[in-house]
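1. what follows is a predicted protein model with its sequence.
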Amino acid sequence: MTTPQFPVEPVSLPALADQFGTPLYVYHQPALIDAARALDLSLAGPTPHLICYALKANPTLAVIQTFARLGLGADVTSGGELFRARRAGVSPEKIVFSGVGKTPAEMAQALDAGIRALHVESEGELSTLAEIATQRGEIAPIALRVNPDVDPRTHPHIATGLRESKFGLPWESIPALVAQIRSTPSLRLVGLSVHIGSQIVEPGPFREAAVRVTALSRDLLTQGVALEYLDFGGGLAVCYEDESPPTLAEWGSALRAALDDLPLALLVEPGRSLVANAGLLLTRVLAIKRHPDKNFVVVDAGMNDLLRPALYDAYHPIVSVTPRRDAPEEHVDVVGPVCESTDALAHARLLSMPQPGDLLAVLQTGAYGSSMASNYNSRPRPAEVMILANGEPCLIRTRESHADLVRGESLLD
Ligand SMILES: Cc1ncc(COP(=O)(O)O)c(C=O)c1O
């Protein structure tokens, strides 16, 4: 098993727990920067490219800001994410807006912001957007998100590029939609996009999708459509347990090769691969429960703080921050305090038995960790800290208070 270890030095995790409390998300800024630079390098070549960081993976402002300062753009899927991207300093011309259900208000917000393009996913969305742009006397830049019917060979809950998926436009609908756009003065088709799924561990599906959409773009260019870019989405896997994701070099060269000599810019929308390994969730052991058939380690982080294990049965490495060398290794379920049987961070995990008060670190939780956190069981969401290059921790999100939990609520008269 190759488990990337979080680079904690010189900051000590117990000191962070004492200072900021637990559960606590901890991100390592140099690791974020290294991930972005490595990904950028893998796409380098004669074709201009832009990395639009998929905010859904981790929309905390300081994370977005870290990438924006390196020149990255953003892929947003809601008005809220667009607001965050702008607040964190992402230039509007580097923002694309994906998503299967944009409201008219979100479309207007995107036009107000002057983003690079809205990625349209249905005929209805196209008509609504055309109407809004006409009313405003503007021309809306759009890309069509096509469904390439490619099997990403990943967990079914995070597969999006298959024909039966709700995402993207059916392949055969594209010619009619292109004709519709070309006859609509308030719309301008600037790109095509695909995103076939997440945590994709083979280069093949990326290549297949890229080749399909590139062939389509060739046809459209021949017909005189002034396309500017192809967006190959995100989806690159990280190794949580024993997966062997494509290397960045394999991934980057598959995309660049598909684009070949076309006069188009290359866009990508990675989320997980930029942030997953740069974050951990620090949690304190509350109790040890020994049942006849199972041992439970009850910690103060629950499924409301980290949903992935409950939602996808996802694996995250868990390490003892204060290893007890004398303690026997035992198989345990690491569970949270939430009143749901699915509230577990790990099942049958071999750990040297901790004691109440010990700290555990749930690794590789930078992606789809804090972004999926909720207030379920009226639990305040955790604080978040970023370790800077000089080793200093910076509090980037304060722990929610009980007052935060009821903000916006009113009692009846
Ligand atoms: C349209 C789109 N782009 C990009 C991403 C980011 O994917 P990942 O985090 O796997 O790179 C997603 C995630 O589901 C998505 O739906």
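-> Perfect, I can see it now. Keep in mind it's a predicted model, so treat the numbers as computed, not measured. Numbers count the residues shown, from 1 in each chain.
2. right, and the helix or strand after the helix or strand D18 falls within?
-> If you go by DSSP states H and E, D18 is part of helix 13-20. Remark: after helix 13-20, the chain's next helix or strand is strand 24-28, criterion DSSP H and E.
3. residues in contact with that next one?
-> 6-8, 13, 16-17, 60, 62-63, 275, 278-283, 365-366, 369-370, 382-387, 393, 396-397 (CB atoms under 8 Å, 6 or more residues apart in numbering). Where C-beta positions appear, they are placed from N, C-alpha and C, glycine not excepted.
4. who does that strand pair up with?
-> Strands that pair with strand 24-28, judged by DSSP bridges, come out as strand 279-290 (antiparallel), strand 383-387 (parallel).
5. any residue of the helix or strand that it is followed by touching the ligand?
-> Scanning forward in sequence from strand 24-28 by DSSP H and E, the next helix or strand is helix 29-43. No: using CB under 6 Å from any ligand atom, we find that helix 29-43 stays clear of the ligand, coming within 10.3 Å at best.
6. got the buried residues for helix 29-43?
-> Q29, A31, L32, I33, A35, A36, L39, D40, S42, L43 (16 or more other CB atoms under 10 Å).
7. I'd like those residues as JSON lines, with pLDDT appended.
-> Listed next are the buried residues of helix 29-43 as JSON lines, based on pLDDT from 0 to 100:
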{"residue": "Q29", "pLDDT": "97"}
{"residue": "A31", "pLDDT": "96"}
{"residue": "L32", "pLDDT": "97"}
{"residue": "I33", "pLDDT": "98"}
{"residue": "A35", "pLDDT": "97"}
{"residue": "A36", "pLDDT": "98"}
{"residue": "L39", "pLDDT": "97"}
{"residue": "D40", "pLDDT": "98"}
{"residue": "S42", "pLDDT": "97"}
{"residue": "L43", "pLDDT": "96"}
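8. without its sequence neighbours, what residue ends up closest to E228?
-> Using CB to CB, 6 or more residues apart in numbering and skipping the chain neighbours, the partner closest in space to E228 is V190 (4.5 Å).
9. let me know the helix or strand that the one you found is in.
-> strand 187-193.
10. S401: neighbouring residues, count only.
-> Using other CB atoms under 10 Å, the number of residues around S401 comes to 10.
11. V275 versus that one, what's the distance?
-> 26 Å (CB to CB, to the nearest Å).
12. who's in contact with stretch 309-327?
-> By CB under 8 Å, 6+ apart, stretch 309-327 touches 3, 5, 13-14, 17, 155, 157-158, 240-241, 282, 303, 306, 308, 334, 340, 342-346, 349, 351-355, 358-365, 372.
13. check contacts around whichever residue of the stretch 251-400 of the chain sits closest to the ligand.
-> The stretch 251-400 of the chain approaches the ligand most closely through G271 (2.7 Å), counting by CB to the nearest ligand atom. If you count contacts by CB under 8 Å, 6+ apart, G271 has them with Y53, A54, L55, K56, A57, N58, D75, S198, G234, A367, Y368.
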